[in-house]
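Enquirer: after the sequence you'll find the predicted model.
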Amino acid sequence: MNTDYSQYNFDDIRPYNNDEVHDAVEKLISSDGLKNALRYITPELDWEQFVEKMRMCKTTKMFKETLAYQAVMDIAKGTTFSLTISGRSRIPENTPCTFISNHRDIVLDAAFLNALLLDIGHGMTQIAIGDNLLIHPWIDMIVRLNNCFIVKRDISVRQLLKSSLQLSAYIHHTIKNSKESLWIAQREGRAKDSNDHTQSSVLKMLNMAGDKGHILENLMSLNIVPIAISYEYDPCDYLKAQEFQQKRDNPDFVKSKRDDLLSMETGMLNSKGRVHFTIGSPINDKLALLKDKNLDKNALIAAIAEIIDKEIYKHYRFYPCNYAAYDLLNNSVYFRTNYDLRDKMQFETYLQKQIEKINIPDKDEAFIRTKMLEMYSNPLKNHINTKE
């Protein structure tokens, strides 16, 4: 198995090296962008004290495990009822893993996961983040200090091939040579309707830098471990529903950078209720069973995606709102024993308040409500289908 990736230059996508931390911190300190953003998020912040703490960070590890960890836990304390993780025993010991999960929140999925992994003694992972979110230079510096690596978006087909090969090589290098775990979402962007499916393009990218013609061996060498992320409430649900109508009414609709910023802000600062991460089982044993199937490339990729999906589906955690949403959407009482009348009324009141936040021309409340019910019921629907 190829482990020599010296032919690749990762400088434009990798996190900062430790000898770059000092200069990056000094640039951040002089950035009004970071200062203004932090004061908006945490008005009580003592900027001078924060600057002193930043300057004490000499490595990316120190930055992540002190400043970043505390910031994430402060957000969790202010916006979640609980933040929990299970399945710790499923993580292979002393083995770097590629964690692949469903994707709910632009920023917090990976941030919460890293904080929880640190709490259970695994240590933080490197994180994949799309360059569409690096709207300001100070955001680019922050994510690289937090051990994030960059996924390039909105590039030409020719550039995409080269960029995907570079990204694949970086991931293989990180697992095999740096011996660090990493996280990547199962798809580009969030599943707006929470109907989570692993994109074949993600798996094809992961395979690219491996040995030609050995898809299973290449992916098995990355030690893939699926993770199921379950939010009781998604603060961005109304923004996602709004986007569904905008795309329905105008197929050429494209979100702006301002829209991305609003989603990042809304997801971070608003209530999420209970949030749970479930670590699934490593999939190498299941991948090994595919070796004798004689599947062509596309069928093999589809089979691998299905293995990841099922591992995520079976490990979702559900809340009364998920069960109520399923019954409301399907005009059923199938899950009536999983919630009471108060739960249902609270959820319907919540939905209406979220719908009222939407202000677009020709607002279609019935369509929007249906889309929001789908968001909360699709994980349950997929879970049921997996059990069947």
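Expert: Yes, it's here.

Enquirer: can you give me the strands in this protein?
Expert: According to DSSP state E, the chain carries its strands in the segments 80-86, 98-101, 126-130, 148-151, 182-185, 224-231, 273-279.

Enquirer: redo those strands as a markdown table? Include mean neighbour count and distance to residue 307.
Expert: Where C-beta positions appear, they are placed from N, C-alpha and C, glycine not excepted. Putting the strands of the chain into a markdown table (neighbours: other C-beta atoms under 10 Å; distance: least, C-beta to C-beta, whole Å) gives the following:
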| stretch | mean neighbour count | distance to residue 307 |
| --- | --- | --- |
| strand 80-86 | 16 | 20 |
| strand 98-101 | 25 | 11 |
| strand 126-130 | 22 | 20 |
| strand 148-151 | 22 | 23 |
| strand 182-185 | 24 | 16 |
| strand 224-231 | 24 | 8 |
| strand 273-279 | 21 | 16 |
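
Enquirer: any chance of TSV for those strands, columns distance to residue 374 and mean pLDDT?
Expert: Written out in TSV, the entries for the strands of the chain read as follows (distance: least, C-beta to C-beta, whole Å; pLDDT from 0 to 100):
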stretch	distance to residue 374	mean pLDDT
strand 80-86	23	98
strand 98-101	20	98
strand 126-130	24	95
strand 148-151	27	96
strand 182-185	20	97
strand 224-231	15	98
strand 273-279	19	98
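
Enquirer: could you dump these into TSV with distance to residue 348 added?
Expert: As requested, the strands of the chain are arranged in TSV below (distance: least, C-beta to C-beta, whole Å):
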stretch	distance to residue 348
strand 80-86	20
strand 98-101	29
strand 126-130	35
strand 148-151	38
strand 182-185	31
strand 224-231	19
strand 273-279	16
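
Enquirer: what's the closest of the ones you listed to residue 242?
Expert: With respect to residue 242, and counting by C-beta to C-beta, the nearest of the strands of the chain is strand 224-231 at 18.3 Å.

Enquirer: how big is the angle separating the closest one from strand 80-86?
Expert: Using axes from the mean of the first three to the mean of the last three C-alpha atoms, to 10 degrees, the interaxial angle of strand 224-231 with respect to strand 80-86 works out to 160 degrees.

Enquirer: what does strand 224-231 rub up against?
Expert: Contact with strand 224-231 is made by 90-92, 97-105, 109, 113, 183, 186, 272-284, 308, 311-319, 379, as judged by C-beta atoms under 8 Å, 6 or more residues apart in numbering.

Enquirer: and those, which of them are buried?
Expert: Applying a neighbour-count criterion of 16 or more other C-beta atoms under 10 Å, the buried members of the contacts of strand 224-231 are 90-91, 97-105, 109, 113, 183, 186, 272-273, 275-284, 308, 311-319, 379.

Enquirer: in the lowest-mean-pLDDT helix or strand in the chain, what's buried?
Expert: Sorting the helices and strands of the chain by mean pLDDT, DSSP states H and E puts helix 32-41 at the bottom, at a mean of 85. Of the residues in helix 32-41, those scored as buried under the neighbour-count criterion (16+ other C-beta under 10 Å) are 34, 35, 37.

Enquirer: before we move on, the earlier item: so which of the contacts of strand 224-231 sit within helices?
Expert: Taking DSSP state H, the ones among the contacts of strand 224-231 that sit in helices are 109, 113, 284, 308, 311, 312, 313, 379.

Enquirer: in TSV: the residues you listed, plus distance to residue 153 and pLDDT.
Expert: Shown next, in TSV, are the ones in helices among the contacts of strand 224-231 (distance: C-beta to C-beta, whole Å; pLDDT from 0 to 100):
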residue	distance to residue 153	pLDDT
109	17	95
113	21	96
284	30	97
308	22	98
311	27	97
312	23	98
313	27	98
379	26	97
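
Enquirer: closest one to residue 155 out of the residues you listed, please.
Expert: residue 109 (23.5 Å).

Enquirer: what sits against the closest one?
Expert: Remark: with contacts taken as C-beta under 8 Å, 6+ apart, residue 109 is in contact with 101, 103, 185, 229.

Enquirer: farthest-separated two in the residues you listed?
Expert: Across those, the two lying at the largest distance from each other (C-beta to C-beta) are 185 and 229, at 9.6 Å.

Enquirer: spit out the residues that contact the two alike.
Expert: Taking C-beta under 8 Å, 6+ apart as the contact definition, residue 185 and residue 229 share the neighbouring residues 101, 102, 103, 109.

Enquirer: how close does the third one get to residue 347?
Expert: Spelled out, that is residue 103. In this structure, residue 103 lies at 23 Å from residue 347, with C-beta to C-beta, to the nearest Å as the measure.

Enquirer: again, but for the last one
Expert: In this view, residue 109 and residue 347 are 23 Å apart by C-beta to C-beta.

Enquirer: also the second one?
Expert: When distances are taken as C-beta to C-beta, residue 102 and residue 347 turn out to be 21 Å apart.
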